[in-house]
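S.K.: Below are the sequence and a predicted model for it; my questions follow.
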Amino acid sequence: SKSNYYGYLYPQFYDWSCPQAKEIVKSVVAKAVAREARMAASLLRLHFHDCFVKGCDASLLLDSSATLISEKRSNTNRNSVRGFEVIDEIKSALEKECPQTVSCADILALAARDSTVLAGGPNWEVPLGRRDSRDASLSGSNNNIPAPNNTFNTILTKFKLKGLDLVDLVTLSGSHTIGNARCTSFRQRLYNQSGNSLPDYTLDQTYAAQLRTRCPKSGGDQNLFVMDFVSPTKFDNSYFKNLLASRGLFNSDQVLVTKNQATLALVKLYAENNEIFFEQFAKSMVKMGNISPLTGYRGEIRKNCRMMNS
Ligand code: HEM
Ligand SMILES: [Ca+2]
């Protein structure tokens, strides 16, 4: 059946209804990442921003319409999340082979895994069978997704509200081993961390000076920076090594080593042992992918990821 009757996700979900599904997703993602390495990061992030708002239900992919305000307009997403054209390309390839069978929410989960692997990260089996929402939540997008200048406690609370713990927080933050960020996402740390016109002194000051050259006090909001200056397109543990050298880009990155002994210990472990990081990353991604999916006859299988079926 095309419906997820059992109410839980499992990797073999499309084995009878669309056995080519995983291969199709992988080949479109591979082409997109070959065109532009950053796309791996962008696709990985889409799954996160979907799952943290009403669960992994592809709510993020809906465009605004007469009856709906798109999550793409939220503070965290506007001028920032990208990769929707690649999702469209995957969906149309799937619709040709297996009409109305593979959900957009599952496409996001598979594309996140394929992107991680293509960037050199760990592989895992993706549980499948999510269905697509018929609504979106702009307020959920504004409130549930952590912001780069949030405090450690706020970020941990936002993870806990989604059933994720401190280990998941540190591990999944390791995604910032790939991809880019805009000046506006970390400017505060360079000039005025606590409202006293002083920089964040938990940031290496040589690194801060380099960042200031292309992230001025005002203007240049959209200027792009790599998040892991050591190996910006390679999925590895250098993100954690950077944190220990006070060279995390966001406040939300650096607080993992400055505010909590348990997260500091994990960062040290991952900085020393890539294998343990990879193993836990796979587990935490599966856990994130399980945030309240729509199953059974709830939701639908969209024909076009940008709009609900009429
Ligand atoms: C822990 C809280 C987190 C915060 C505060 C945070 C914040 C951010 C910010 C501000 C950016 C840059 C956006 C921009 O400037 O346009 C970013 C990029 C990114 N984030 Fe996170 N993030 C968090 C967790 C995660 C998680 C859990 C994942 C994936 C599982 C993730 C994956 C990514 C990726 C891959 C990028 C680069 C995207 C690209 O280059 O297009 N982040 N994040
Ligand atoms: Ca969602």
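M.R.: It's in. Ligands and ions are numbered 1, 2, ... in the order given.
S.K.: How many residues are close by the residue in the stretch 51-200 of the chain that ligand 1 sits nearest to?
M.R.: With C-beta to the nearest ligand atom, the shortest gap between the stretch 51-200 of the chain and ligand 1 falls at residue 179, namely 2.4 Å. All C-beta atoms are positioned from the backbone trio N, CA, C, and that covers glycine. For residue 179, the neighbour count with other C-beta atoms under 10 Å is 24.
S.K.: Name the nearest residue to it, ignoring sequence neighbours.
M.R.: Leaving aside its chain neighbours, residue 179 sits nearest to residue 41 (2.8 Å; criterion: C-beta to C-beta, 6 or more residues apart in numbering).
S.K.: For residue 278, which residues are in contact?
M.R.: Residue 278 makes contact with 121, 122, according to C-beta atoms under 8 Å, 6 or more residues apart in numbering.
S.K.: which SS state does it fall under?
M.R.: Assigned by DSSP: H, G, I helix; E, B strand; the rest coil, the conformation of residue 278 is helix.
S.K.: How about the one 3 residues further on?
M.R.: In three-state terms, and counting by three-state DSSP, residue 281 is helix.
S.K.: Can you tell me how far it is from ligand 2?
M.R.: For residue 281, the distance to ligand 2 (C-beta to the ion, to the nearest Å) stands at 21 Å.
S.K.: and that residue, how many neighbours?
M.R.: For residue 281, using other C-beta under 10 Å, the count is 23.
S.K.: now swap in residue 265 and tell me
M.R.: Residue 265: 12 neighbours (other C-beta under 10 Å).
S.K.: same check, this time on the one 5 residues further on
M.R.: By other C-beta under 10 Å, the residues close to residue 270 number 25.
S.K.: Residue 198 and residue 190 touch, don't they?
M.R.: No. Taking C-beta atoms under 8 Å as the definition, residue 198 is not a contact partner of residue 190, at 10.3 Å.
S.K.: Who has more neighbours out of those two?
M.R.: residue 190 (18 against 10).
S.K.: who's in contact with that one?
M.R.: By C-beta under 8 Å, 6+ apart, residue 190 lies in contact with 199, 200, 203, 208, 211, 212, 215.
S.K.: residue of the stretch 201-310 of the chain with the smallest distance to ligand 1?
M.R.: For the stretch 201-310 of the chain, C-beta to the nearest ligand atom, closest residue to ligand 1: residue 252, 3.6 Å.
S.K.: Can you tell me the element that residue falls in?
M.R.: According to DSSP states H and E, residue 252 maps onto helix 251-258.
S.K.: still on that earlier bit, which of the contacts of residue 190 sits closest to ligand 2?
M.R.: For these, the minimum distance to ligand 2 (C-beta to the ion) is 30.8 Å, reached by residue 215.
S.K.: Tell me who's in contact with the nearest residue to that closest one once chain neighbours are set aside.
M.R.: Of all residues not flanking residue 215 in the chain, residue 183 sits nearest, at 3.7 Å (C-beta to C-beta, 6+ apart). Residues counted as contacts of residue 183 (C-beta under 8 Å, 6+ apart) are 214, 215, 216, 220, 221, 222, 223, 224, 225.
S.K.: In helices only, show me the residues you listed.
M.R.: residue 214 (DSSP state H).
S.K.: Residue 112 versus residue 39, what's the distance?
M.R.: 12 Å (C-beta to C-beta, to the nearest Å).
S.K.: Pull up the residues of the stretch 1-150 of the chain that are close to ligand 1.
M.R.: Contact residues, the stretch 1-150 of the chain versus ligand 1 (C-beta under 6 Å from any ligand atom): 38, 41, 42, 44, 45, 48, 80, 82, 146, 147, 148.
S.K.: Return the subset of these lying in helices.
M.R.: Checking those against DSSP H, those in helices are 41, 42, 44, 45, 48.
S.K.: Neighbours of the first one, how many?
M.R.: A count of neighbours around residue 41, defined by other C-beta under 10 Å, yields 29.
S.K.: Check what pLDDT it gets.
M.R.: Note for residue 41: predicted pLDDT of 98.
S.K.: right, and it touches residue 181 too?
M.R.: No. Between residue 41 and residue 181 there is no contact under C-beta under 8 Å: 9.9 Å.
S.K.: so how far is residue 287 from the nearest residue to residue 88 once chain neighbours are set aside?
M.R.: Distances taken as C-beta to C-beta, 6+ apart put residue 305 closest to residue 88, at 6.5 Å, once the chain neighbours are dropped. Here residue 305 is placed at a distance of 24 Å from residue 287 (C-beta to C-beta).
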